[in-house]
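In: quick one, fold the following:
(one chain, ligands or ions: 2)
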Amino acid sequence: MNAQPNTPMTRDFVLAVEGLTVSFDGFKAVDNLSFYVDENEIRVIIGPNGAGKTTVLDLICGRTKATDGSIRFKDRELTTMKEHEIVRAGVGRKFQNPSIYEDLTVFENLEISYPKGRSVFGALMFRRDSAVKERVRNIAETIFLADHLDQRAEYLSHGQKQWLEIGMLLIQDPELLMLDEPVAGMSVSERRKTAELLNTIIKDRSVIVIEHDMKFVEDIAHKVTVLHQGKVLSEGSMAKVQADPKVIEVYLGH
Ligand code: ADP
Ligand code: MG
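Out: Ligands and ions are numbered 1, 2, ... in the order given. Okay, the predicted model is just below:
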């Protein structure tokens, strides 16, 4: 593994992915990929099915090990770190299907995700001190669930469940938050509110979003990276990539 990328750093990126490659039995799902994410940036990754988008997130969060290349998060090299170490370093990742505790309330779901709750005494046993309560309320406000704190998660709508899971990540205050198709299955108004949510939380962090809904992408993206066959096909502003003939041919034209 190449732990010493040879591209000189000219500025401080939150995330610098360089020469990243993963090979599954000889098939390169991600192929010599490089991209850089700034502080307070919302980066959207788009591209056809099978382009390698989810695999890129799997590599960043340590779920899949890179065959080659480097992933630097601030001053840490992530490719040699374990999944839980990457979480602790400040990288949060939301999967496509929400993993919330259906039989717990909204409050309890957020509380159990508060970092202090992970003690040797068990996540549910720590004191509900006022700092935690305050933080839970703040997050609930941000994710539009302030009036649902006592509701069991199983009774939330699909969109509200997605927001709750985002809240469970936010309560850990990640510096980089990664979301895989967060608005899939959401109504138009839920999509609009999710865009609002991301535009609020970006003040304190960077976000990488994989998404297909181009209206939503337009509402949130600072920059768009178009992936195709594990490589960057195009990158830049929404207007730039939308006008790129290569992007129209392999993705937007369909
Ligand atoms: P996307 O999210 O852009 O739709 P993925 O990252 O899920 O694409 O997949 C990219 C390619 O890598 C696909 O061809 C997929 O079948 C393959 N792939 C993903 N994960 C694995 C794996 N663990 N083993 C083998 N092939 C995989
Ligand atoms: Mg995917």
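In: residue ranges of the strands in this protein, please?
Out: For the chain, the strands defined by DSSP state E cover 15-24, 27-37, 42-46, 68-73, 76-77, 91-94, 176-180, 206-210, 223-228, 231-236.
In: I'd like those as a markdown table, with distance to ligand 1, mean neighbour count and mean pLDDT appended.
Out: Placement of C-beta: from N, CA and C, glycine included. Formatted as a markdown table, the strands of the chain follow (distance: least, CB to the nearest ligand atom, whole Å; neighbours: other CB atoms under 10 Å; pLDDT from 0 to 100):
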| stretch | distance to ligand 1 | mean neighbour count | mean pLDDT |
| --- | --- | --- | --- |
| strand 15-24 | 3 | 20 | 98 |
| strand 27-37 | 3 | 19 | 98 |
| strand 42-46 | 8 | 25 | 98 |
| strand 68-73 | 15 | 21 | 98 |
| strand 76-77 | 22 | 14 | 96 |
| strand 91-94 | 13 | 23 | 94 |
| strand 176-180 | 8 | 24 | 97 |
| strand 206-210 | 7 | 24 | 98 |
| strand 223-228 | 6 | 23 | 98 |
| strand 231-236 | 12 | 18 | 97 |
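In: let me know the pLDDT of Val250.
Out: pLDDT for Val250: 92.
In: picking that back up, switch the strands of the chain over to CSV; also include distance to Glu83.
Out: Formatted as CSV, those follow (distance: least, CB to CB, whole Å):
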stretch, distance to Glu83
strand 15-24, 15
strand 27-37, 18
strand 42-46, 20
strand 68-73, 13
strand 76-77, 14
strand 91-94, 9
strand 176-180, 13
strand 206-210, 17
strand 223-228, 22
strand 231-236, 25
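In: for those strands, give me TSV that also has distance to ligand 2.
Out: Converted to TSV, the strands of the chain look like this (distance: least, CB to the ion, whole Å):
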stretch	distance to ligand 2
strand 15-24	14
strand 27-37	11
strand 42-46	9
strand 68-73	18
strand 76-77	25
strand 91-94	13
strand 176-180	6
strand 206-210	6
strand 223-228	10
strand 231-236	16
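In: which one of the ones you listed lies closest to Ala243?
Out: strand 231-236 (9.5 Å; CB to CB).
In: now the angle from the closest one to strand 27-37?
Out: Put simply, strand 231-236 runs at 20 degrees to strand 27-37, going by axes from the mean of the first three to the mean of the last three CA atoms, to 10 degrees.
In: residue of the chain nearest ligand 2, please.
Out: Closest residue of the chain to ligand 2, CB to the ion: Thr54 (3.2 Å).
In: which residues touch the nearest residue to that residue once chain neighbours are set aside?
Out: Nearest in space to Thr54, with sequence neighbours left out and distances taken as CB to CB, 6 or more residues apart in numbering, is Asp180 at 5.8 Å. The contact partners of Asp180, by CB atoms under 8 Å, 6 or more residues apart in numbering, come to Lys53, Thr54, Leu57, Arg93, Lys94, Phe95, Gln96, Ile210.
In: and the furthest pair within those residues?
Out: Farthest pair in these, by CB to CB: Lys53 and Lys94, 13.7 Å.
In: now do the helices in the stretch 1-150 of the chain.
Out: For the stretch 1-150 of the chain, the helices defined by DSSP state H, counting those that start in this stretch cover 53-60, 83-89, 106-113, 130-142.
In: minimum distance to ligand 1: which of those has it?
Out: Set against ligand 1 and scored by CB to the nearest ligand atom, the helices of the stretch 1-150 of the chain come closest in helix 53-60, at 3.3 Å.
In: that closest one near ligand 1 at all?
Out: Yes - applying CB under 6 Å from any ligand atom, one finds helix 53-60 touching ligand 1 at Lys53, Thr54, Thr55.
In: so which bits of the stretch 1-150 of the chain are right by ligand 2?
Out: Neighbours of ligand 2 within the stretch 1-150 of the chain, by CB under 5 Å from the ion: Lys53, Thr54.
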